[in-house]
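>>> Sequence first, then the predicted structure, then my questions.
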Amino acid sequence: MFSAENSQLIPGILLWGIEVIKVIQRLKSPALTAVLKLITELGTDKFYLPVILFIFWWIDEKKGFRLGILMLLSAWINTLLKSTFKQPRPFNIDPSLGLAYEGTYGAPSGHAQYALSFWVPIAAWLAGGKTGRKRAVVWAAAIFFVLLIGFTRLYLGVHFPTDLLAGWGVGAIVLLLMYFLSPLFTKHLAGQVRSQNILAALAALIMISVYPGDRSLPAVFLGFCLGYNIMKKNFPFSPQSEIKEKKISVMLLRCITGFAGLVVIYFVLRLLFPGEGSLFSYIPFWGETSPFYELGRFIRYGMVGLWASAGAPMIFQRMGLSFAAGNNEEPKND
């Protein structure tokens, strides 16, 4: 990381960015800082994960799956690029700018990248079939959210303007790749479950090989893909056909069941598998330095992805909170 004492080593573009942040922070007030800290959380997985699962479990599993894959790949690319460029954040150079703290490198901005990767598909779906003013309002709202998230990062002193531009650029590239490549996969691999599973496994292997520093995203990606195929083959789940018949109580029970399952899987496996949080960390080779830690972590995150796309839909059907796609029986609400 750079330091303020080594300002002669700081690229001019970053020094310009610091001046931009200082101008923005003239608006600084405790109330505005609190509000923007809350808004900036809308650019994290704390917001995106529940929304993606909501779409998958309650609205349209196909759209939820595609958006989930898009965001997972976007997150992995961002993590890879951050670790490659190792660019400091504004508060690393001038601590007085830090109204929030981030422990990772700065460029490209993950918040900017994810906001574009998320809101553009959402806007495209919501604007579909609309014309004129309604369509314009949808796209204007999406652009507003993307820019607002970016502004919070400048105000809080955690990103340079160039970080945002880089994040939006990478996000746009990811969207274009998904737009042009998805039809190819759909055309050539439609119905070929084995080929799809092999491709997902190869993709996860490549992700780990290229960037072995993080195995959680490849694990969730693999589990999510495998689970989706398991679900489609063995107990087809399509909430889209149930929208008109859904009752609030059914949706709430799905919410409780789905997220409770995620919490149980994540924390129970963390307690059982090797690592610093394990209940059996006192056992040799099972503590913080266990050689099996990464394997256990991969399985844990893989099970999270598997639950999201297969486990939860299966439980929904067995609890009477859903029914198999093509089945006209309405969900129970006892």
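The structure has been received and is ready for your questions. Numbers count the residues shown, from 1 in each chain.
>>> Neighbours of Gln15, how many?
Small correction: residue 15 is Leu, not Gln. By other C-beta atoms under 10 Å, the residues close to Leu15 number 13. The C-beta positions use only the backbone N, C-alpha and C, and glycine is treated the same way.
>>> wait, Pro284
By other C-beta under 10 Å, 6 other residues sit near Pro284.
>>> With Pro236 instead?
A count of neighbours around Pro236, defined by other C-beta under 10 Å, yields 15.
>>> repeat for Arg194
Close neighbours of Arg194, defined as other C-beta under 10 Å, add up to 9.
>>> Secondary structure element for it, which one?
Assigned by DSSP states H and E, Arg194 belongs to helix 193-210.
>>> residues in contact with that helix?
For helix 193-210, the external contacting residues (C-beta atoms under 8 Å, 6 or more residues apart in numbering) are 76, 80, 185, 189, 215, 217-219, 221-222, 225-226, 229, 232-233.
>>> what's the average pLDDT for the helix or strand following that helix?
Once the chain leaves helix 193-210, the next helix or strand it forms, by DSSP H and E, is helix 216-234. Helix 216-234 shows a mean pLDDT of 93.
>>> Quick one: name whatever helix or strand follows helix 216-234.
Following helix 216-234 in sequence order, the next helix or strand is helix 248-272 (DSSP H and E).
>>> tell me which strands and helices that following helix is in contact with?
Packed against helix 248-272 by the contact rule (3 or more C-beta pairs under 8 Å, 6 or more residues apart in numbering; DSSP states H and E) you find helix 45-54, helix 293-306, helix 312-318.
>>> And it, what's buried?
Buried positions in helix 248-272, judged by neighbour count with 16 or more other C-beta atoms under 10 Å: Val250, Met251, Leu253, Arg254, Gly258, Phe259, Gly261, Leu262, Ile265, Leu269, Arg270.
>>> Tell me the pLDDT of the first one.
Right, the one you point to is Val250. We have a pLDDT of 79 for Val250.
>>> Then the last one?
Per-residue confidence (pLDDT) for Arg270: 85.
>>> Quick check: it touching Arg300?
Yes. With contact defined as C-beta atoms under 8 Å, Arg270 counts as touching Arg300 (6.3 Å).
>>> so where's this structure uncertain?
Low-confidence segments of the chain (pLDDT under 70): 1-10, 186-191, 240-246, 276, 323-334.
>>> Return the set of buried residues in the longest helix along it.
The longest helix of the chain (DSSP state H) is helix 161-189. For helix 161-189, burial by neighbour count (16+ other C-beta under 10 Å) applies to Pro161, Thr162, Asp163, Leu164, Ala166, Gly167, Trp168, Val170, Gly171, Val174, Leu175, Met178.
>>> Using TSV, lay out these together with distance to Ile52.
TSV is the format used below for those (distance: C-beta to C-beta, whole Å):
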residue	distance to Ile52
Pro161	29
Thr162	29
Asp163	24
Leu164	23
Ala166	24
Gly167	19
Trp168	20
Val170	19
Gly171	16
Val174	15
Leu175	16
Met178	15
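>>> circling back to that earlier point, in the buried residues of helix 248-272, find the pair that's most separated.
Greatest spacing in these, by C-beta to C-beta: Val250 and Arg270 (30.6 Å).
>>> quick one on the thing from earlier: now the helices and strands packed on helix 248-272 in TSV, with mean neighbour count and distance to Leu199?
Output for the helices and strands packed on helix 248-272, formatted as TSV (neighbours: other C-beta atoms under 10 Å; distance: least, C-beta to C-beta, whole Å):
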stretch	mean neighbour count	distance to Leu199
helix 45-54	16	21
helix 293-306	20	16
helix 312-318	20	22
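>>> Can you give me the distance of Leu116 to Leu80?
To Leu80, Leu116 is 17 Å away according to C-beta to C-beta, to the nearest Å.
>>> So for these two, which residue has more residues nearby?
Of the pair Leu116 and Leu80, Leu116 is the one with more neighbours under other C-beta under 10 Å, namely 25 against 16.
>>> give me every residue that touches the residue lying closest to the more buried one once chain neighbours are set aside.
Nearest non-adjacent residue to Leu116, counting by C-beta to C-beta, 6 or more residues apart in numbering: Gly171, 3.5 Å away. Residues in contact with Gly171, defined by C-beta under 8 Å, 6+ apart, are Ser74, Ala112, Gln113, Tyr114, Ala115, Leu116, Ser117.
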